[in-house]
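> The following comprises the amino acid sequence and a computationally predicted model.
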Amino acid sequence: MGSVSDAEKKPAVIFVLGGPGSGKGTQCANVVEHFGYTHLSAGDLLRAEIKSGSENGTMIQNMIKEGKIVPSEVTIKLLQKAMQESGNDKFLIDGFPRNEENRAAFEAVTKIEPAFVLFFNCPEEEMEKRILSRNQGREDDNIETIRKRFNVFLESSLPVVEYYDSKGKVRKVDAAKSVEEVFEAVKAIFTPKEEKVIAA
Ligand SMILES: Nc1ncnc2c1ncn2[C@@H]1O[C@H](COP(=O)(O)OP(=O)(O)OP(=O)(O)O)[C@@H](O)[C@H]1O
Ligand SMILES: Nc1ccn([C@@H]2O[C@H](COP(=O)(O)O)[C@@H](O)[C@H]2O)c(=O)n1
Ligand SMILES: [Mg+2]
């Protein structure tokens, strides 16, 4: 039997999930700094696609304004392109998969299974407060769209988390704490077991 060559090795993927405003982007930036992953936010890639003037731009903009999930084909192409261009082999994929269609299509197209799913658990009240004071000029950071995004999260995204939980792949973090406290919990998940033994 031949061994898998470096060129054939699949990249390591961690899906980062959690409700809107739970702190996914904030914590991914910390993980990048400490653990050398490339951070790919599906939402950021879609917003960049609108700005680029692509033919899908208007459709994506309308979906984001309504808090709806863009068809997987579009988002997966953007993720694959960003992964290839990064030159890295380990990725934090933030805000994806957002529904069962995203999940099944990513697996079918890339044949990649996530190493694990990092799930930020945060009460809706706290997430709403954070989004309303984010001030990044996002078109979907208004109370009407926020409510729609929360509904989509409950109805379509949480079942994906439950799917991975049933496979023992979810690492759940209490995201209602301070940025520093949340990162302590995240760090413990990313630190290899042998390093934890040495540090003890
Ligand atoms: N633990 C925290 N405590 C207080 N504020 C936080 C915390 N984590 C992030 N924030 C702030 O909350 C806002 C939302 O955080 P962030 O953008 O990281 O969330 P997100 O999960 O990526 O949201 P979205 O799904 O809308 O992209 C930001 O203004 C950020 O600075
Ligand atoms: N897999 C995804 C991810 C995001 N979207 C759309 O982008 C919006 C913003 O996403 P954030 O992660 O930056 O909050 C989201 O509400 C969706 O409209 C998507 O379609 N598919
Ligand atoms: Mg984000």
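Sure, I can see it. Ligands and ions are numbered 1, 2, ... in the order given.

> and this structure, which residues reach ligand 1?
18, 20-26, 43, 95, 130-131, 134, 178-179, 182 (C-beta under 6 Å from any ligand atom). The way it works is simple: take the backbone N, C-alpha and C, and place the C-beta from them, glycine included.

> go again using 8 Å as the cut-off
Applying C-beta under 8 Å from any ligand atom, we find that the chain lies next to ligand 1 at 18-28, 41, 43, 94-95, 120, 126-127, 130-131, 133-136, 138, 140-141, 149, 175-179, 181-182.

> Name only those of the residues you listed that count as buried.
In terms of neighbour count (16 or more other C-beta atoms under 10 Å), the buried residues within these are 18-25, 27-28, 41, 43, 94-95, 120, 126-127, 130-131, 140-141, 149, 175-176, 182.

> other SSEs contacting the longest helix along the chain?
In the chain, assigned by DSSP state H, the helix with the most residues is helix 72-86. Judged by 3 or more C-beta pairs under 8 Å, 6 or more residues apart in numbering; DSSP states H and E, the packing partners of helix 72-86 are strand 38-41, helix 42-51, helix 100-110.

> ok so, going back, which ones among the residues of the chain next to ligand 1 come in contact with ligand 2?
Contacts with ligand 2 within the residues of the chain next to ligand 1, counted by C-beta under 8 Å from any ligand atom: 20, 21, 24, 25, 41, 43, 94, 95, 138, 140, 149.
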